[in-house]
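Engineer: Task: produce atomic coordinates for the following.
(chains A, B, C and D, ligands or ions: 2)
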Amino acid sequence: MAEQLTQASYVLATILFVFSLRWLNHPKTARRGVGAGVLAMLLGVVGTLFDPHIVSFQWIAVGLVVGTLLGVPLSRVALTAVPQRTALSHAFGGLAAGLVGTAKYFLWLDEGVLTQFRVGAIVVEVILGFLTFTGSLMAAGKLQEIIPTRPITYRNQNLVNLSLLVLAAVCGVVLVARPELWPLYPVIVVLSLLFGVLLIVPIGGADMPTVIALLNAYAGLAAVAMGFVLDNKLLITAGALDGSSGFILAVIMCRAMNRSFTNVLFGAFGQVQTSTATTTQKAYKSATLQDAVQVLENASLVVIVPGYGMAVAQAQHRLRELYDQLTKRGIDVRFAIHPVAGRMPGHMNVLLAEADIPYDHLVEMDDINPEMPRVDVALVIGANDVVNPAARTDRGSPIYGMPIIDADKAKAVFAIKRSTNPGFAGIDNELYFMDNTLMLFGDAKAVTGDLVRELSGQASHR
Amino acid sequence: MAEQLTQASYVLATILFVFSLRWLNHPKTARRGVGAGVLAMLLGVVGTLFDPHIVSFQWIAVGLVVGTLLGVPLSRVALTAVPQRTALSHAFGGLAAGLVGTAKYFLWLDEGVLTQFRVGAIVVEVILGFLTFTGSLMAAGKLQEIIPTRPITYRNQNLVNLSLLVLAAVCGVVLVARPELWPLYPVIVVLSLLFGVLLIVPIGGADMPTVIALLNAYAGLAAVAMGFVLDNKLLITAGALDGSSGFILAVIMCRAMNRSFTNVLFGAFGQVQTSTATTTQKAYKSATLQDAVQVLENASLVVIVPGYGMAVAQAQHRLRELYDQLTKRGIDVRFAIHPVAGRMPGHMNVLLAEADIPYDHLVEMDDINPEMPRVDVALVIGANDVVNPAARTDRGSPIYGMPIIDADKAKAVFAIKRSTNPGFAGIDNELYFMDNTLMLFGDAKAVTGDLVRELSGQASHR
Amino acid sequence: MEMGIEAWSLLLVFVLATFIGFDVIRNVSRLLHTPLMSLTNAISAIAIVGSLLIAGEQKTTFTTVLGTVAVAASMTNIVSGFLITDRMLKMFRKPGERK
Amino acid sequence: MEMGIEAWSLLLVFVLATFIGFDVIRNVSRLLHTPLMSLTNAISAIAIVGSLLIAGEQKTTFTTVLGTVAVAASMTNIVSGFLITDRMLKMFRKPGERK
Ligand SMILES: NC(=O)c1ccc[n+]([C@@H]2O[C@H](COP(=O)([O-])OP(=O)(O)OC[C@H]3O[C@@H](n4cnc5c(N)ncnc54)[C@H](OP(=O)(O)O)[C@@H]3O)[C@@H](O)[C@H]2O)c1
Ligand SMILES: NC(=O)c1ccc[n+]([C@@H]2O[C@H](COP(=O)([O-])OP(=O)(O)OC[C@H]3O[C@@H](n4cnc5c(N)ncnc54)[C@H](OP(=O)(O)O)[C@@H]3O)[C@@H](O)[C@H]2O)c1
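Structural biologist: Ligands and ions are numbered 1, 2, ... in the order given. Next up is the predicted model:
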């Protein structure tokens, strides 16, 4: 009977997990998706607790309480810290998978019931679990800037890393052949832990979002392997959903950054090419606030292009005020969202949503680009690479071929940034030198605030 | 070892079946989809032949040869006979499922290994299989017009049908409770066969396509049930793909015909409402061929709307010639395809493809409608309901709410049909009485041929 | 009616395959709905798997006859279903491609 | 390494679930990619299922300790993952809807 309940709750949980993700296809149903996910997880846990092998709930209770106590504060972090929270979470997920695999190995070793299939599954689980553990910790450290974010490289780095992984795999194969050779087990664990660290060392902090998506996939695959170890299908379905999600997000990010996929899989990326910045001093045109306000007031269609700088400056609330001021004057204002603007997928959307900007005003790149020639003012706020026309025109540019928002096609462009420094890709941006571009130098939050003050001041003058 | 091969080929076959259907999402990859399907089926068959329970291949060979001999001619039917061929095929599928279930029941009865679960699965398989068998035969008969196509109804029909099904289900439940009560088994079979016949009797021939899609779903579900009986996962995955396909196609047809879904599930449809045709004689305007040709020659954008009449008249090749004549004159010609034009989903597409019209000239309803006001001539060929503006305007009409192709919004409309008779839904069509509509009475093939001759004649005059 | 672990596993496979079916079929081009009907018709002939087992086991004459008929019926669907689908698909020309 | 029937069944489930995963994730709105990352992060905490079994079996002190740590780690992900996802999604206003 207990068996029936467990199985029924697992099947139901699988269905709910699928709906949970499916409902994320629209903001209207997305919160229902979270509900479905919670219910599915609950069913999974309760179904498992019916298992007759569970003899005591004491330590389970301890674990659940500790987890809850840790989880609640972790969910309260600032939105800017979401990437490092996610990374930390992956570390926990990897750890759990690694520990369960380890426990099972030694239990079955004692009981003499280690089959080759079981050992194979355990080895995969443990390698994936422990490399996700240390890799994610490193990623979280770099994002939080506890660990230096710049890529650390040395000669033959890829070779060293690859050898470590191959060594771990070889140990695994031997262990499958001779399951009783238990001293190999800790060797595999240590190699995996080490590999996780070394994998992240050469990758720059700014490239962490792609890495995090991949680690998400690895955590999912570790859960799948655990499912093979424990002969548990819920672990497999949920883990596979997770694995495909991480994988697809990584691919989307790569495409939007015009990186090849192998480039990601082998972790050999993130070396910021600062060298490409040409230092021939061309002329920027600066605008005064008053100029900008005047042009804005006379526009009928304004497109705001936010980027990483907007996120760093936390300028989204000021931007909202600007939006209000402009719409009050009957000006049509849209936000143009590039898929990799900022530092994680969907970064701009979350920040602008936080500032209560209705999501139907956030227009995707492909939908806004055909409109750009009709646009009176494109207001670029802390965005750089995602509006760099070199991606369209300059075959030699490292970002050539990356799809961009065609801000340069608007009738006038204002760009808010602090300096003449390049963005993530480390390259100059022709957009800033164009005839119809005016620079508004300064912090995104401050400048936007000034614009708002100027606009509202004028409003009260009337 | 044989076991390993079987299982491996089953997993591979499942993957290939999924890709087979997935590749149908574009004509470019569609033929590859057929290849994948064939390979999957081959893997399924070969994997099964490894089964150690198979002791002799003699009767298997006989079956395979007979099947091939029957199958090849069945694949050579005219395209107009595709619906009845499909129906006949479903009958064979249902029969196979029913026979296998029957064989298993009596085998296991003899061996005394009938569990409740097995009996339950067999009952579902057999009911679905046999009702699909007779139901599909009836459907094929009506489509081929061997059986009278008009709906045959009598009082309490739905009640009688439902009672039969309930009775079969009750017998099934009793059999599950007491698996050894074998005399119940033939009762279930007979009831299912009878139910299949009675299900189709009240449905008009023109409604058969929807019925066929549903029977497709039933055949798939019968295969799923067979999978539960035989503990075979390939049957389950392939059957489920099939079941969902039939189901979705039925839903699509219902939506496009503005029928409710319960309406379909309970089979209570197809009563052609000839009564609604209002007989107030309004005035049609007839055009001469010369008028029509002149207007066509001066058009710059012509949209051709084909319907069931084009299929009946086999006018697609003439239509191709017309298309050639017009494009030769630099006129932009598109085909507007309504999702339920004709009598089966995708009917127009196949016929026009047969006439070598490139598929990118076939425009879906939703894409052509916004263009209609710009269109100089809408040429309606044997279509009626799918261009009936009553669907947009007349709340009392039986087709009110059904999405249509807005031919009435074109600057001029020519309609080719044989008479003033209504179409499938049995209702008059305002379109024909409109000021800018001219009728070209006659058979679709003949009239189109005349138009082509007139056009090419004129071409040689110059 | 207690369900064994294996039965639950079959149920799970059914649920998963149905999800896939709905997703995949919804993405099939409208253009190809007629070939889709005959392709799924061919796929439903997977019932041949069960038919082969019955016909090949040769336990009793009765079941062998049923099995052989079932094999013939399924094989008919396989052959005609795939052939006619391919015949229809061959007719869909690429844009610009004319015979 | 021979695989039992059960192992093949697990493999099939993995294949099917991966198909579903790819289809479902591809349809997630771009707007919601950040919440998607934290939701799947929460879902990957399904590893709690294995952790519970180890912690509850109490076979040896060693495995109980590992199990309890694993339960705590997974539970942290569940709680923080779902909560933060919901927090983010709450911020997405319907068109026209302002606080
Ligand atoms: N979204 C993702 O998933 C993801 C993941 C990995 C990598 N990336 C990469 O990140 C880049 C994103 O492009 P992006 O255009 O959003 O950003 P970006 O190219 O990195 O440019 C950001 C700009 O913002 C300015 N800025 C920084 N802080 C500011 C502040 N407080 N106030 C005003 N301006 C400030 C900087 O110029 P100043 O220093 O002169 O102010 C900089 O030029 C792309 O290259 C993308 O490939 C994205
Ligand atoms: N496609 C599907 O999947 C499907 C399935 C089930 C039902 N249906 C239903 O079928 C209907 C399809 O609409 P439709 O507009 O294509 O067809 P329709 O409404 O049935 O009209 C066909 C018209 O063609 C004319 N016609 C018949 N033979 C002809 C010939 N040889 N030459 C010239 N004209 C001829 C008829 O008028 P004359 O007699 O005056 O010539 C008739 O008005 C819809 O009501 C739909 O709901 C479709």
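
Engineer: Nearest residue to the closest residue to ligand 1 within the stretch 351-462 of chain A in space, please, no chain neighbours.
Structural biologist: Closest residue of the stretch 351-462 of chain A to ligand 1, CB to the nearest ligand atom: A:G423 (2.3 Å). In this view, the C-beta of every residue, glycine as well, is placed from N, C-alpha and C. Spatially, and ignoring its direct neighbours in sequence, A:G423 is nearest to A:N384 (3.0 Å; CB to CB, 6 or more residues apart in numbering or on different chains).

Engineer: How many residues are close by the one you found?
Structural biologist: 24 (other CB atoms under 10 Å in any protein chain shown).

Engineer: and chain A, which residues reach chain C?
Structural biologist: With CB under 8 Å from any CB of the partner chain as the criterion, chain A meets chain C at residues A:3-4, A:7-8, A:10-11, A:14-15, A:18, A:233, A:237.

Engineer: so the residue in chain C that chain B sits nearest to is in which element?
Structural biologist: Chain B sits closest to C:M75 of chain C, with a gap of 2.3 Å, by CB to the nearest CB. Assigned by DSSP states H and E, C:M75 falls within helix C:61-90.

Engineer: residues near the residue of the stretch 351-462 of chain A closest to ligand 1, how many?
Structural biologist: A count of neighbours around A:G423, defined by other CB under 10 Å, yields 21.

Engineer: and it, what element?
Structural biologist: Using DSSP H and E, A:G423 sits within no helix or strand.

Engineer: same check, this time on A:L175
Structural biologist: Going by DSSP H and E, A:L175 is part of helix A:157-177.

Engineer: Mind checking if that helix is in reach of chain D?
Structural biologist: Yes - part of helix A:157-177 sits near chain D under the criterion CB under 8 Å from any CB, namely A:V176.

Engineer: Skipping adjacent residues, who's closest to C:L32 in space?
Structural biologist: In space, C:L32 is closest to B:L24, 5.3 Å off (CB to CB, 6+ apart).

Engineer: neighbours around that neighbour, how many?
Structural biologist: By other CB under 10 Å, 30 other residues sit near B:L24.

Engineer: for the residue lying closest to A:A425 once chain neighbours are set aside, what are its contacts?
Structural biologist: Distances taken as CB to CB, 6+ apart place A:D385 nearest to A:A425, at 4.7 Å, with adjacent residues excluded. By CB atoms under 8 Å, 6 or more residues apart in numbering or on different chains, the contact set of A:D385 is A:307, A:391, A:399, A:402, A:404, A:423-425, A:427, A:429.

Engineer: before we move on, back to that, give me the phi and psi for the residue nearest to A:G423.
Structural biologist: phi -140, psi -70 (degrees, to the nearest 10).

Engineer: Contact distance from chain A - what residues of chain C qualify?
Structural biologist: C:2-3, C:5, C:8-9, C:11-12, C:15-16, C:19.

Engineer: would a markdown table of the residues you listed with distance to chain B and pLDDT be doable?
Structural biologist: Shown next, in a markdown table, are the residues of chain C next to chain A (distance: CB to the nearest CB, whole Å; pLDDT from 0 to 100):
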| residue | distance to chain B | pLDDT |
| --- | --- | --- |
| C:E2 | 8 | 65 |
| C:M3 | 6 | 74 |
| C:I5 | 12 | 79 |
| C:W8 | 11 | 91 |
| C:S9 | 8 | 91 |
| C:L11 | 8 | 94 |
| C:L12 | 10 | 95 |
| C:V15 | 8 | 96 |
| C:L16 | 8 | 96 |
| C:F19 | 9 | 95 |
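
Engineer: And for A:V46, the neighbour number?
Structural biologist: Using other CB under 10 Å as the criterion, the residues surrounding A:V46 number 13.

Engineer: Check which helices and strands the host helix or strand of it sits against.
Structural biologist: Taking DSSP H and E as the criterion, A:V46 maps to helix A:27-49. If contacts are counted by 3 or more CB pairs under 8 Å, 6 or more residues apart in numbering or on different chains; DSSP states H and E, helix A:27-49 sits against helix A:2-22, helix A:233-257, helix D:33-43, helix D:48-57, helix D:61-90.

Engineer: where's that helix relative to the chain centroid, distance-wise?
Structural biologist: Relative to the chain's own centre, helix A:27-49 is displaced by 22 Å; criterion: CA atoms, centre = their mean, to the nearest Å.

Engineer: Show me which residues of that helix are buried.
Structural biologist: Judged by neighbour count (16 or more other CB atoms under 10 Å in any protein chain shown), helix A:27-49 contains these buried residues: A:27, A:30-31, A:33-34, A:36-41, A:43-45, A:47-49.

Engineer: again with stretch A:78-85
Structural biologist: For stretch A:78-85, by 16+ other CB under 10 Å, it's A:79, A:82-85.

Engineer: Could you do stretch A:164-174 as well?
Structural biologist: Under 16+ other CB under 10 Å, the buried positions of stretch A:164-174 are A:164-165, A:168, A:171-172.

Engineer: Show the low-confidence segments of the stretch 201-350 of chain A, by residue range.
Structural biologist: Scanning the stretch 201-350 of chain A for pLDDT under 70 picks out the ranges A:205-206, A:260-282.

Engineer: now chain C
Structural biologist: C:1-2, C:93-99.

Engineer: Now the closest residue to ligand 1 within it: closest residue in space, sequence neighbours ignored.
Structural biologist: As assessed by CB to the nearest ligand atom, ligand 1 sits closest to C:D23 within chain C, at 25.9 Å. Nearest in space to C:D23, with sequence neighbours left out and distances taken as CB to CB, 6+ apart, is D:D23 at 4.3 Å.

Engineer: Quick check, that neighbour in contact with C:L16.
Structural biologist: No - the pair D:D23 and C:L16 fails to qualify as a contact (CB atoms under 8 Å) at a distance of 11.5 Å.

Engineer: quick one, which of those two is more surrounded?
Structural biologist: With neighbours defined as other CB under 10 Å, D:D23 and C:L16 compare such that C:L16 has more, 27 against 22.

Engineer: So which other helices or strands are in contact with the helix or strand in which the more buried one is found?
Structural biologist: Here C:L16 is covered by helix C:5-26, with elements defined by DSSP H and E. If you count contacts as 3+ CB pairs under 8 Å, 6+ apart, helix C:5-26 packs onto helix A:2-22, helix A:233-257, helix B:2-22, helix B:208-230, helix B:233-257, helix D:5-26.

Engineer: CA atoms of that helix as PDB?
Structural biologist: Written as PDB, here are the backbone C-alpha positions of helix C:5-26 (Å, rounded to 0.1, in the frame of the first residue of the first chain):
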ATOM      1  CA  ILE C   5       6.100  -1.100  -9.600                       C
ATOM      2  CA  GLU C   6       6.400  -2.100 -13.200                       C
ATOM      3  CA  ALA C   7       2.800  -0.900 -13.900                       C
ATOM      4  CA  TRP C   8       3.500   2.400 -12.400                       C
ATOM      5  CA  SER C   9       6.600   2.700 -14.600                       C
ATOM      6  CA  LEU C  10       4.400   2.000 -17.600                       C
ATOM      7  CA  LEU C  11       2.000   4.700 -16.500                       C
ATOM      8  CA  LEU C  12       4.800   7.200 -16.100                       C
ATOM      9  CA  VAL C  13       6.100   6.400 -19.600                       C
ATOM     10  CA  PHE C  14       2.600   6.900 -21.000                       C
ATOM     11  CA  VAL C  15       2.300  10.300 -19.200                       C
ATOM     12  CA  LEU C  16       5.700  11.500 -20.500                       C
ATOM     13  CA  ALA C  17       5.000  10.300 -24.100                       C
ATOM     14  CA  THR C  18       1.700  12.000 -24.100                       C
ATOM     15  CA  PHE C  19       3.300  15.300 -23.100                       C
ATOM     16  CA  ILE C  20       5.800  14.900 -25.900                       C
ATOM     17  CA  GLY C  21       3.000  14.000 -28.300                       C
ATOM     18  CA  PHE C  22       1.000  17.100 -27.600                       C
ATOM     19  CA  ASP C  23       4.100  19.300 -27.900                       C
ATOM     20  CA  VAL C  24       5.300  17.800 -31.100                       C
ATOM     21  CA  ILE C  25       2.000  17.600 -32.900                       C
ATOM     22  CA  ARG C  26       1.100  21.200 -32.100                       C
END
